[in-house]
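Student: Following is a predicted model, sequence given first.
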Amino acid sequence: MKIKTTNQINKLSRRDFLKGSAAVGAAFAVPTIVPSSVFGANAPSNRITIGSIGLGGMGTGNMKGFKGKSGSEVLAVCDVDAGHREKARQTAGLDEKSSYNDFRDLISRDDIDAVVVATPDHWHVPVSIAAVKAGKDVYCEKPLTLTIAGGRALSDAVKRYGRVLQTGSQQRSGSEFRNACELVRNGRIGKLHTIKVGIPGNNRKCPPTWEAEPIPEGFDYDMWLGPAPWEPYIEQRCHYQFRFVLDYSGGQMTNWGAHYLDIGQWGNGADDTGPVEIEGKGDFPESGLFTTAKKADITYTYANGVKLLLKTGGGNTRFEGSEGWVFVTRGKIDAEPKSLLKEKIGPDEIHLYNSRDHKQNFLDCIKSRKDPIASAEIGHRSSTVCHLGNIAMLLGRKVKWDPKKERFINDREADSMIARSMRAPWKL
């Protein structure tokens with residue numbers, strides 16, 4: 001797909017641009033897609049070319065999703081597990097030269113416009129920052145980040161390099177979630193005072209003790225660990241179950257909180273901010289490999305007085321106001337009074353970003369250069385709410401947060417948990 005610019009195009013006459021677009025294109029700094037008027041919008045020359053990085057269950061699903069879009073084409077795949085990599089290569093119909101173990105080899109290709117990142121969480125930010133620096137747009141799975149500092153670095157990098165990043169919080173592209181949040185934002189339940197979020201409990205268990213195991217052939221374990229501390233290999237540490245080890249993820253707090261806390265943020269109009277006070281209790285494992293909370297009970301307080309109460313159990317978001325409530329989960333919305341379900345949002349009221357297809361929204365925004373529905377900043381802010389909950393549980397006490405400065409208030413111990421050291425040679 002050919003790339004050209006917008007900032008210098010505006011200085012040219014339309015006639016000059018049409019005459020010299022091929023020569024001018026190489027000098028432009030901010031890319032936009034040149035539509036194909038001869039071959040059609042979905043011609044091969046006009047498709048968005050994609051590289052998929054991380055090919056487990058979610059990564060393969062995302063790759064298939066983009067492969068099925070008429071406006072995009074998967075050109076390369078990357079995974080540190082040769083089995084995952086080879087299966088994805090065959091599914092995508094690619095030759096062996098388009099299959100990579102190291103993501104840096106994939107993002108160095110000039111013929112790739114965007115990457116889809118579905119690695120374990122501890123790799124999300126390093127891979128995404130490297131991609132935007134290489135001029136790629138990014139679709140990155142949720143939770144967007146492993147740490148608050150990493151999220152700030154990524155959001156700033158996306159802005160600095162003029163890239164498009166879509167966080168894989170696909171519930172924002174679900175009509176039931178948008179409808180619920182529009183009802184709340186337009187005062188249909190009166191003054192919002194409480195948000196209740198339920199997240200599932202752990203869906204994996206581990207024995208009380210473990211021993212190191214031989215690294216499987218074809219699995220680049222050192223690369224899998226990447227910036228995380230070195231630890232002996234054990235199968236349960238990797239692939240899906242990584243999310244229950246704090247070195248790589250934040251447990252169900254980040255796995256499902258990135259969905260349902262995200263909707264709480266949206267309905268509360270807090271996409272550019274966050275809570276100011278957090279306290280909670282967590283039930284953490286006392287033995288075994290897993291280190292993330294098995295159960296969570298957290299209270300967030302926002303500057304507008306709204307309380308957000310998160311508990312383990314279910315998977316939903318409920319908004320409660322002075323005149324009613326709205327409950328939403330995947331495929332279902334409920335309310336009291338029931339008449340709210342028939343309410344129409346007027347033309348002069350608040351209409352939230354309307355996306356009906358999360359992946360298509362990303363592709364459309366690559367072309368328009370507009371922000372997608374779950375931008376880097378939104379993904380960072382929602383992930384931050386998850387991380388704040390984990391920090392409060394780990395400390396076992398109340399913490400006060402400044403969402404503007406993104407620092408804790410007079411709390412060095414909590415501030416030390418905003419970022420983490422990275423194993424050499426990796427750095428942001």
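Tutor: Structure's in. What do you need?
Student: For the stretch 301-428 of the chain, which segments count as strands?
Tutor: Here the stretch 301-428 of the chain has its strands, by DSSP state E, counting those that start in this stretch, at 307-312, 316-321, 324-329, 332-336, 399-402, 407-408.
Student: out of those strands, deepest packed?
Tutor: Most buried of the strands of the stretch 301-428 of the chain by mean neighbour count (mean count of other CB atoms under 10 Å) is strand 316-321; its value is a mean of 23. Placement of C-beta: from N, CA and C, glycine included.
Student: circling back to that earlier point, nearest to His358, out of the strands of the stretch 301-428 of the chain?
Tutor: Closest to His358 of the strands of the stretch 301-428 of the chain is strand 324-329 (CB to CB; 16.7 Å).
Student: Could you list the paired strands of the closest one along with their orientation?
Tutor: Strand 324-329 has the following strand partners under DSSP bridges: strand 316-321 (antiparallel), strand 332-336 (antiparallel).
Student: I'd like the strands of the stretch 301-428 of the chain as CSV, with mean pLDDT and distance to Leu428 appended.
Tutor: Shown next, in CSV, are the strands of the stretch 301-428 of the chain (pLDDT from 0 to 100; distance: least, CB to CB, whole Å):
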stretch, mean pLDDT, distance to Leu428
strand 307-312, 98, 28
strand 316-321, 98, 31
strand 324-329, 98, 35
strand 332-336, 98, 39
strand 399-402, 98, 22
strand 407-408, 98, 18
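Student: Make TSV out of these and add distance to Lys367.
Tutor: Below are the strands of the stretch 301-428 of the chain laid out as TSV (distance: least, CB to CB, whole Å):
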stretch	distance to Lys367
strand 307-312	36
strand 316-321	31
strand 324-329	30
strand 332-336	31
strand 399-402	37
strand 407-408	38
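Student: of all these, which lies closest to Phe66?
Tutor: Using CB to CB, those put strand 324-329 closest to Phe66, at 26.4 Å.
Student: residues in contact with that closest one?
Tutor: With contact meaning CB atoms under 8 Å, 6 or more residues apart in numbering, strand 324-329 is reached by 176-177, 179-180, 183-184, 188-190, 263, 314-319, 333-337, 340.
Student: related to what we said a few turns ago, any chance of a markdown table for the strands paired with strand 324-329, columns distance to Asp137?
Tutor: Output for the strands paired with strand 324-329, formatted as a markdown table (distance: least, CB to CB, whole Å):
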| stretch | distance to Asp137 |
| --- | --- |
| strand 316-321 | 29 |
| strand 332-336 | 32 |
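Student: rewinding a little: would you tell me which of the strands of the stretch 301-428 of the chain gets closest to Arg160?
Tutor: strand 407-408 (21.3 Å).
Student: Relative to the closest one, what are the paired strands and their orientations?
Tutor: Strands that pair with strand 407-408, judged by DSSP bridges, come out as strand 399-402 (antiparallel).
Student: Centre of the chain to the strand it pairs with, how far?
Tutor: Chain-centre distance of strand 399-402: 23 Å, with CA atoms, centre = their mean, to the nearest Å.
Student: any idea which helix or strand carries Ile298?
Tutor: strand 295-301 (DSSP states H and E).
Student: tell me the average confidence for that strand?
Tutor: The predicted model assigns strand 295-301 a mean pLDDT of 98.
Student: which strands and helices sit next to it?
Tutor: Packing partners of strand 295-301 (3 or more CB pairs under 8 Å, 6 or more residues apart in numbering; DSSP states H and E): strand 277-283, strand 307-312, helix 376-395.
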